[in-house]
Each structure stands twice: as C-alpha cells, then as structure tokens.
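In: what's the 3D shape of this:
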Amino acid sequence: MPAQHTALIVNADPTIAQVISAVLKVGGVQPIVTADGEKALVLARSLQPDLVLLEMDIENRSGIEVCATLKTDPETASLPVVFLTARKSDTDRQLGLAAGADAYLTIPFSPAYLVDFVTALIAGTTSDLLPRQAVSDSTDQLMLFATEWRDLFQRERAERRSLEQAQKCLEELDRLKADFLSVVTHELLTPFASIGVTLQVVQHYAADASPELRQALDDLTSEIANLHRLINGVVKFAELVTKQRDPQPGYIAVSRLIPAAVQPAAVLALARDVDFRVFVPDDLPRVYVDPELLSEAVFQMAHNAVKFNVPGGKAQVRAFESQGWLVIQVSDTGIGLTPQQLELLGQPFEQNVDALRRGREGLGVGWAFVCYVAEAHGGRTTVESPGPGKGSTFSLYLPAVAGWHAVVRTTPTDGKGG
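Out: Presented below is the predicted three-dimensional model:
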C-alpha cells in the first residue's frame with residue numbers, strides 16, 4: 001500500500017488550521033499542524049512532508065523567514081512551499097514569492113479548489129489547473145467551507161441514490177437471467193428421454209437396413225448425444241449460477257477422473273483429425289472437489305481444445321502439482337485468441353460472432369463454467385494465447401490436499417472419492 005501524502009500546516013489561527021486540515025483529509029492528504037515557526041522548521045527537516053502551507057503571521061518567526069529558511073536549506077529546498085494567508089496586498093505577495101514560495105493563495109479560499117491545487121502540486125501538474133475562482137474578501141471562511149461542504153454532500157447523496165438504483169436494476173437483471181437459464185435449460189432437457197426411446201426403436205427395426213442407413217442412424221445418435229452433453233453442461237452451469245446446486249466434494253484422484261472425463265473429446269478429436277493426448281501421472285495429490293463438477297469442467301476444457309482446433313492440429317491435457325496447487329492444463333494448436341477475446345473470456349454467452357459465422361458450435365458457456373467450478377472449490381484459472389492462429393493454453397488450479405494419504409485413511413469419502 002503506497003504511503004499517504006502529508007502536508008505541514010503552519011498557522012496560528014486554530015480555527016483556520018482546523019478547516020485546512022479537514023479539507024486536506026478529504027483530498028487524501030494527512031495534515032501535520034503547528035503554530036510555531038521554529039517547530040515548523042524542525043518538523044520539515046525531520047518529516048520531509050510533501051507540502052508546506054504557511055501563514056504570514058505565526059509564532060516565534062514570520063512566515064517569510066520560515067519560507068526563506070526552508071528554501072535555502074539543502075535538506076528542505078525541494079519541498080513545495082505555499083503561502084495560504086489572510087494578507088492580500090501585492091507587497092505581501094511579492095515578498096512571499098521572493099522568499100521562494102511556489103505559490104501564494106489568500107484566505108478566504110475555496111475548499112474544492114484547495115483540494116485540487118494541493119493534489120496537483122504534489123503530482124507536479126499545477127499547470128493543468130484552471131484559474132482560481134474569485135472569492136469575495138467579505139466572505140467568511142467558515143461560511144464558505146460550510147456552503148461548499150453542503151453542496152458536496154448533496155451531490156454525493158444524489159450520486160449515491162443513482163448508484164443504488166443502478167445496483168437494483170443490475171440485481172433484477174441478474175435474477176431474470178438466472179430464472180431464464182433455470183427454466184429454459186431444463187425445458188431443453190425434457191425431450192431427450194422420448195428422443196432416446198424413439199432412437200432405440202428405430203435402431204431395432206433398422207437392424208437389417210442398408211449400411212448407409214445404419215451409418216446415418218449412428219451419426220444421428222452421436223449428434224444427439226453431443227447435443228445432450230452440451231445442454232447438460234448449460235444446466236450444470238445454470239445450477240451453479242442460481243445456487244440451485246451446492247458442490248458435494250470428496251477426496252478425488254484426478255489420475256482416474258481426467259481420462260474418463262476427456263473420453264468424448266478424444267472421440268471427437270479422432271473424427272476431426274486432431275492429435276489428442278493425455279498426460280496424467282498416477283502419483284498426483286488428491287483434491288477435495290465435487291467429482292461431477294470437476295469432470296464436466298475438464299470435459300469442457302478438452303472439448304474446446306478440439307472444437308476450436310484445425311485438422312492436423314494438436315491438443316494436449318496435462319495434470320501436475322505446482323506450489324501447493326493441482327494444475328489441470330489443456331493446450332492446443334488451434335485458432336488462438338486476440339487480446340480482446342481474452343478480456344471477454346469467462347463471461348457466459350460470449351461466443352464471438354466470427355466463430356459462429358464459421359460454423360463453430362457452442363454457446364460460450366464452457367470456460368465460464370470452468371471458472372465457476374474453480375471459484376466454488378477455492379481455485380483459480382488462467383488463459384494464455386500468443387495470438388490468432390497460434391493456439392491457447394487453459395489452466396485450472398485447485399488446492400492440493402496436503403498429506404492426503406493420511407486424510408483418506410481417516411476421512412470417509414461417501415463413495416465419492418477416486
């Protein structure tokens with residue numbers, strides 16, 4: 001966390017000093033207050049504040065003396081010094097600037113302008129400031145302070161109400177999205193029972209049909225199975241988003257889970273002429289996860305690596321331990337990702353339009369589902385891609401269970417372990 005900026009306020013009027021302090025705090029600057037010129041010199045040398053705000057009339061030394069001393073002392077010469085004083089004559093202004101002051105402001109002052117001025121001076125950008133708005137000499141400083149603070153409070157209150165209303169609208173939209181996902185996805189699953197029965201009947205009567213008809217039926221069965229898997233993945237995603245399904249974790253051996261999970265992707269890879277390989281050592285640590293959710297997440301990663309690949313391309317699934325994490329990594333030599341696509345990745349239904357035009361199937365929820373699974377199990381995800389046409393690498397990190405051999409011996413797995 002960066003250190004807070006500080007300002008040394010040297011003013012013999014306790015009321016004005018308090019007002020200046022309050023204004024600086026609003027601007028994120030920590031005030032240090034003294035009324036004594038000698039103490040101001042000691043504080044400036046020892047604390048090296050980001051800014052010194054001086055009044056002309058102070059105790060023990062004049063403001064002019066303090067300013068001149070600060071500017072001629074090598075230890076403090078670089079400190080910005082600003083006169084903020086009730087003295088308004090041109091002579092006083094010339095004396096202050098001649099003593100080395102960086103600026104000369106007068107009281108009464110606008111609190112809002114002082115915040116902007118101090119912030120800009122510390123940042124070294126005072127040249128970008130608009131000219132100071134004139135304040136009548138007859139204006140009482142406390143009244144001006146109270147008026148600007150009232151206006152600021154009213155503006156902030158109006159902005160807060162606007163933000164609260166926007167938040168309510170977002171929450172309502174989020175609820176409607178969740179309801180839509182919940183209803184539509186389950187409705188989409190409903191026909192598959194009757195479709196499956198019908199296919200079995202057709203396959204029975206087509207046992208003696210021509211090879212062409214049998215092949216067409218096999219292709220239809222395969223496509224329906226893929227569609228069922230796709231919609232089932234969306235249903236699981238919807239259940240996670242709408243909190244309809246809590247993870248049911250157990251101690252899982254990924255060396256058994258991953259090969260089974262990626263089997264459908266391996267079949268797809270064979271059909272699409274993609275070299276698909278799996279490298280999962282047997283001695284990996286176990287993870288405490290919901291096996292069904294992890295299986296679906298691994299499938300989505302592998303399926304995407306094949307789906308967005310090219311004929312003759314390669315896809316690889318690896319699992320390894322790294323610094324307390326069990327990493328499941330899927331890399332491919334496919335279409336790759338642009339920086340803009342990387343930013344959108346993880347947001348559901350963000351399948352890009354060009355991909356859809358080229359016939360790339362999918363709803364864009366696969367990686368979003370993986371991200372949700374990682375979050376639900378205390379993990380994280382990363383994505384890397386050198387650019388379009390250069391492939392991608394997707395990684396899912398899950399906390400590795402330390403000393404899992406002992407844990408498994410003493411903890412029931414309820415039949416969910418690997």
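In: My guess is Thr382 contacts Ala374. True?
Out: No - contact status for Thr382 versus Ala374: not in contact, 9.9 Å apart, counting by C-beta atoms under 8 Å. For the C-beta atoms, the positions are set from N, CA and C on the backbone; glycine is no exception.
In: And the two? Which one has more around it.
Out: The residue with more neighbours, out of Thr382 and Ala374, is Ala374; 22 against 12, by other C-beta atoms under 10 Å.
In: Next, that one: phi, psi?
Out: According to degrees, to the nearest 10, the main-chain angles of Ala374 amount to phi -60, psi -50.
In: what touches both of Thr382 and Ala374?
Out: Counting by C-beta atoms under 8 Å, 6 or more residues apart in numbering, the contacts common to Thr382 and Ala374 are Tyr397.
In: quick one: low-confidence parts of the stretch 51-200 of the chain?
Out: 126-149, 151-152, 181-182, 184-186 (pLDDT under 70).
In: Tell me where it has strands.
Out: Counting by DSSP state E, counting those that start in this stretch, the stretch 51-200 of the chain forms strands over residues 51-54, 81-85, 103-106, given from the N-terminal end onward.
In: which outside residues touch stretch 382-394?
Out: 301, 304-305, 308, 329-338, 342, 345, 367, 370, 381, 395, 397.
In: from the chain's centre, how far out does that stretch sit?
Out: For stretch 382-394, the separation from the chain centroid amounts to 20 Å (computed by C-alpha atoms, centre = their mean, to the nearest Å).
In: Buried residues of it, list them for me.
Out: Judged by neighbour count using 16 or more other C-beta atoms under 10 Å, the buried positions of stretch 382-394 are Val383, Ser385, Gly391, Ser392, Thr393, Phe394.
In: Next up, identify which helix or strand the fifth one is on.
Out: Counting by DSSP states H and E, the element that carries Thr393 is strand 392-399.
In: Report the backbone C-alpha coordinates of that strand in PDB.
Out: Presented in PDB, the C-alpha positions along strand 392-399 are these (Å, rounded to 0.1, in the frame of the first residue of the first chain):
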ATOM      1  CA  SER A 392      -4.100 -21.400 -26.500                       C
ATOM      2  CA  THR A 393      -3.400 -22.800 -23.100                       C
ATOM      3  CA  PHE A 394      -6.100 -23.000 -20.400                       C
ATOM      4  CA  SER A 395      -5.200 -23.900 -16.800                       C
ATOM      5  CA  LEU A 396      -7.400 -24.800 -13.900                       C
ATOM      6  CA  TYR A 397      -5.800 -24.600 -10.400                       C
ATOM      7  CA  LEU A 398      -7.200 -26.500  -7.500                       C
ATOM      8  CA  PRO A 399      -5.800 -26.600  -3.900                       C
END
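In: Tell me the strands beside that strand, with direction?
Out: Neighbouring strands of strand 392-399 in its sheet, by DSSP bridges, are strand 325-332 (antiparallel), strand 380-384 (antiparallel).
In: hmm, back to that, turn the strands of the stretch 51-200 of the chain into TSV, including distance to Arg160 and mean neighbour count.
Out: Formatted as TSV, the entries for the strands of the stretch 51-200 of the chain read as follows, by distance: least, C-beta to C-beta, whole Å; neighbours: other C-beta atoms under 10 Å:
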stretch	distance to Arg160	mean neighbour count
strand 51-54	30	24
strand 81-85	31	24
strand 103-106	31	18
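In: Got the domain ranges for this structure?
Out: Taking automatic domain parsing as the domain assignment, the record places the domains of the chain at 5-139, 172-241, 250-410.
In: Tell me which of the strands of the stretch 51-200 of the chain sits nearest to Val202.
Out: Between Val202 and the strands of the stretch 51-200 of the chain, the shortest gap by C-beta to C-beta is with strand 51-54, which sits at 83.9 Å.
In: Just checking: what are the partner strands of that closest one?
Out: Assessed with DSSP bridges, strand 51-54 is paired to strand 5-10 (parallel), strand 81-85 (parallel).
In: separation between Val10 and Glu38?
Out: Look at Val10 and Glu38: by C-beta to C-beta, to the nearest Å, they are 11 Å apart.
In: So between those two, which is more surrounded?
Out: When Val10 and Glu38 are compared on other C-beta under 10 Å, the one with more neighbours turns out to be Val10, at 29 against 15.
In: Apart from its neighbours in sequence, what residue is nearest that one?
Out: Counting by C-beta to C-beta, 6 or more residues apart in numbering, Ala40 is the residue found nearest to Val10 once chain neighbours are left out, at 4.4 Å.
In: and what of Pro291?
Out: Using C-beta to C-beta, 6+ apart and skipping the chain neighbours, the partner closest in space to Pro291 is Ile252 (5.2 Å).
In: how many other residues sit next to that neighbour?
Out: 24.
In: And Ala158, by the same measure?
Out: Applying other C-beta under 10 Å, we find 10 residues neighbouring Ala158.
In: try the one 5 residues further on
Out: Other residues lying near Leu163 total 10 when counted by other C-beta under 10 Å.
In: Please apply the same query to the one 4 residues further on.
Out: Counted with other C-beta under 10 Å, the neighbours of Gln167 add up to 10.
In: Let me have the strands paired with strand 392-399 in TSV, extended by mean pLDDT and distance to Thr69.
Out: Output for the strands paired with strand 392-399, formatted as TSV (pLDDT from 0 to 100; distance: least, C-beta to C-beta, whole Å):
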stretch	mean pLDDT	distance to Thr69
strand 325-332	94	59
strand 380-384	91	56
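In: Of all the ones you listed, which one is nearest Leu79?
Out: Among these, strand 380-384 comes nearest to Leu79, with 44.9 Å by C-beta to C-beta.
In: Could I have the CA atoms of the closest one written out in PDB?
Out: Below are the C-alpha coordinates for strand 380-384, written out as PDB (Å, rounded to 0.1, in the frame of the first residue of the first chain):
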ATOM      1  CA  ARG A 380      -8.400 -20.200 -10.000                       C
ATOM      2  CA  THR A 381      -8.000 -20.200 -13.700                       C
ATOM      3  CA  THR A 382      -5.600 -18.700 -16.300                       C
ATOM      4  CA  VAL A 383      -5.600 -18.400 -20.100                       C
ATOM      5  CA  GLU A 384      -2.700 -17.700 -22.400                       C
END
